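Novice: this one's sequence-less:
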């Protein structure tokens, strides 16, 4: 039972907090990282990287121009590839990702897409010989690649992509072309300046017939000069909310020829002469989308964990205002409003972590089953990942902003790291499927299965995640919050289903009726995701042996449940699941839980085991020495290179200085 | 009945939208700007400024480094001061502010604090002779000033500021000193590099006795060289979420001497020899805070108006997915989810505009009364501005983000302008009083006046804004949404008041009891602000003569009311003010209102009459020619200066190029 993050010369306010620890932070950190070995590996990587020459005397990234970032990161890329094969068990994708993450900040690097999208696509969607050929080039470090799918005019509706790949019988090649302005590929990471090859998703045309979007490998820059090849216009799309270290790019193809065998041929194939062979598993492509969203859940939770760490540590250092003792200002974390801002975020972090762990396990199971041809669980996984991605990315965004604002003015400075964590994370609401579309995909499956109910032939009755839709709720008295969440989800889904049916019965087409119900359908999806999170949170805690850890996480879970119930209380009241009096009691209970969490807060966030390099935050430093380091940090400001700005000397000084030779 | 924003060569999708206009956009714009003359003046300024040489061939600000921004803005400052006195009726502060706004983007300039804080402070808080002296220096453009109040360690709790101003009898001076690291002044705009004088708020000490915080004028840089004066350490605090064009600064004083007469002496005074004279009106200082918050309401509404303009225009250009006609993609604004994201923001914009107009009128009234010694209305105004500032700044932030996310990937690019509008606006949750503190200040007044109720001696019974707290609700049947909002506010306030009293009766000190109820107190404040907004929204529309405009704004108001009711439906159910069935009906009605607003949406946002220079957005362009201009905009990217990045040639090319002399 100790907090292992205390060191001499730390800020005494944080030492005071850490001494209150009632559990073993090492045990909680192990739980977070999923095992002693993983935690150890992470720390080993950190230590190894910290000592590399490329990481000495680093200037904070936020002070760098984009060109400077590329300078620093390109240098690190070389070091990364030099050490990667020595230090990392490359057959272990988690370890590989961990090593990458520790090398580069969460803003990414020139190799981000190469590692996390390009390479997996080669591994998953090329047939054997192709794969061997391209993997060989990757291993030789000859190519750096990315994945160009979205276009200026089309993101969500892939079927309408405009880039074409036309088979030319004579030369046995595909001709890649960008027929319109809106067909310009737009957004692919690292496409603008870094990559020399890219996967291009284009409409396949053979003999004038369109076979829909397929993937093609296209070389875009000369390997010797790195200049764009003929017919190719490529560049950076300009600054974004975050990810300044990534050259998200655009590319236009003016009838660029590629060999036929550069089409990805694991699933669909085009034979010499133009014969098209359909893929056997239609759902296979589906899998990679689901995988990325599965990984995103954990990633999003991690952003919130970072924000909580920064804000909770700082809230124990910052003193402002008085309570009963008029002579001493209190730590701002002692205010109920501050606790109410921050602790629900911490409770959510752990809910999302539990969700992320569960989903990754489920993904692995589904993936295994799929390799033996069984795709039964895929629709469930698709439903859950879509809904979770949407709910979590949005809630994490709100949560980070609460963390940021709870730090007052300093939260608004890039010194806190929080503006950039927010700006980076919030992209997750949009990429990998726009959230409104995601929620409706989740709802689509729910609508489908509750149709089955009405037919009384559901195979999902005993399903842990969806079975509750098939309970008989008419006579069942509710007893706990999880039941209330289930009933809310059930009634919400039934209600919108009925409205949908009524509209269709009145003669309205399905798509129009669906659109009329779209907002309520999103509600149904969210309600189901709440049930899922509640289930996995409870399951996760049940399995914990260490009683101190169990009690601590239980507090967070109770906070999460009462907070969520409070958020959704209108539905609870409407469906008569609880009385107003009982809701009031639960609200007061929630305030009490906040007080119970208070003494453990710093130790809980410490156990995420983020290094100062991870957080990139003056406010969130482990040692808590915030104020002196704020002053130090500010010295790096671009403007502080000059005691008097050149622009001041040029424009403003002649004006203020005019006929003014004496002091006041 | 026409939309006057149609021009030839516009995007045909926008022309189609604008042709549907059922009201006169000129009339609505006039209403927004508060008069034909004001609208005209605004447009005249725009035209005048657009044609100045300083504004030709402007590079978008987002591509500039901070040093470049200072170069451009300093040049514009000179032009600004050159034309200001010729073009502007300087006695009209609105006109002056408008001219400034049209000159600089919403990110500010080296003169921001000088104009909007420094100068008003001279006008409001200096006694006659002082004022004359310093105003003279301002008019001669000898000084550029700012206002240094917040310190590294203290923002909200001004009474605990650490900077000292110690009266030295011998030399008849004050000695300004920064005794600790945390006493470093931190955040004042334009302090870092631009200003040569600043107002400093410091604890006044005379003969060892502390008289609390007072204001002092301090010269910080040499007028000839602009170098910091002896004893002064000053600089920029580094990059922030936004406001890159402003040098928010830090400053430390090492026993800097200033003449006694540099203390602001309109209220408190220190005579030669050290005699302290107390201010007559304790509440006078109060007034300037209230003023800034009053102005903020409109400013915040304006940020949301900008975001709505960008997102709604773009949503009529963007086509994605199909509804019933499978051959044609639909405008994304035709999706219910998109309407539900955007139209409530538009409805809120107008609610906040009505709130802003009402509050400014009230401020002027209060100010007039105060000059004749009557401060009766000040506590009401203080309550409202505090609560409104908190509610509106937070809701505007959420709203802008909805607008941004509704633009999909392009919303995440700085090309949309939306990331920067958000990052700029969201500062409003923190500056001029942290929102949680603001809500509690609002609640404090509510708690105070409902105490009076219990004594049955309220003077507020007939007050339009607070009178509803003194109605007898026991027998009254509700009839409309406004009544429901009133009752929710009333019951919420009474409930928390009772809990507060109970805690105190049980022996808990007031401050502790207050803290235990703080979250609920914030709820009470928000509930009251909802009532206020509902009241002013209705009042505003009542006064409109033009029937077409009235109908249009009525739609928005109905959307606002039903949306808000939906948000607060838990309380409506808990207090038994409405049935679940009725709530469902109102929800369906809300979806119908969305459809009714749809055809007018573009014309409504057009009527905010923002110029393309105001919006700084490729997506929000008046002409709607988005895609070709996205491509053009991207060319300015820092990375696109090079076809091959120098860092690529240096680090990555040697790696990929290694032993690879042939093409694939």
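Specialist: Nice, thanks for sending it over. It should be emphasised that the depicted structure is a prediction, and the values quoted were computed from it without experimental measurement.
Novice: can you tell me the SS state at the residue of the stretch 51-200 of chain A found nearest chain B?
Specialist: Shortest the stretch 51-200 of chain A-to-chain B distance, computed as CB to the nearest CB: residue-wise this is residue A:74, at 3.9 Å. Backbone N, C-alpha and C define where each C-beta goes, glycine included. Under DSSP: H, G, I helix; E, B strand; the rest coil, the three-state class of residue A:74 is helix.
Novice: that one contacts residue B:647, doesn't it?
Specialist: Yes: Residue A:74 lies in contact with residue B:647 (CB atoms under 8 Å); the separation is 4.2 Å.
Novice: hmm, the helix or strand of chain A with the lowest mean pLDDT touching chain B?
Specialist: Least confident element among the helices and strands of chain A, by mean pLDDT, DSSP states H and E: helix A:653-657 (a mean of 86). Yes: against chain B, helix A:653-657 shows contacts by CB under 8 Å from any CB of the partner chain at A:653, A:655, A:656, A:657.
Novice: tell me how far residue A:122 lies from residue A:146.
Specialist: In this view, residue A:122 and residue A:146 are 12 Å apart by CB to CB, to the nearest Å.
Novice: neighbour-wise, which of these two wins?
Specialist: Set residue A:122 next to residue A:146 and count neighbours by other CB atoms under 10 Å in any protein chain shown: residue A:146 wins out with 31 against 21.
Novice: which residues touch residue A:489?
Specialist: A:468, A:469, A:524, A:527, A:528, A:530, A:531 (CB atoms under 8 Å, 6 or more residues apart in numbering or on different chains).
Novice: over to residue A:548?
Specialist: Applying CB under 8 Å, 6+ apart, the residues contacting residue A:548 are A:1, A:22, A:23, A:24, A:27.
Novice: follow-up on the earlier one: between the residues of helix A:653-657 next to chain B, which is closest to residue B:620?
Specialist: Residue B:620 lies nearest to residue A:655 out of these, by CB to CB, at 34.8 Å.
Novice: right, and the closest one touches residue B:81 too?
Specialist: Yes: when contacts are counted by CB under 8 Å, residue A:655 is listed as touching residue B:81 (7.0 Å).
Novice: who are the packing partners of the host helix or strand of residue A:202?
Specialist: Assessed by DSSP states H and E, residue A:202 sits inside strand A:197-206. Judged by 3 or more CB pairs under 8 Å, 6 or more residues apart in numbering or on different chains; DSSP states H and E, strand A:197-206 is in contact with strand A:145-148, strand A:164-168, strand A:173-177, strand A:209-219.
Novice: strand partners of that strand, parallel vs antiparallel please.
Specialist: strand A:145-148 (parallel), strand A:164-168 (parallel), strand A:209-219 (antiparallel) (DSSP bridges).
Novice: reformat those as CSV; add distance to residue B:638 and mean pLDDT.
Specialist: Formatted as CSV, those follow (distance: least, CB to CB, whole Å; pLDDT from 0 to 100):
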stretch, distance to residue B:638, mean pLDDT
strand A:145-148, 20, 98
strand A:164-168, 32, 98
strand A:209-219, 26, 97
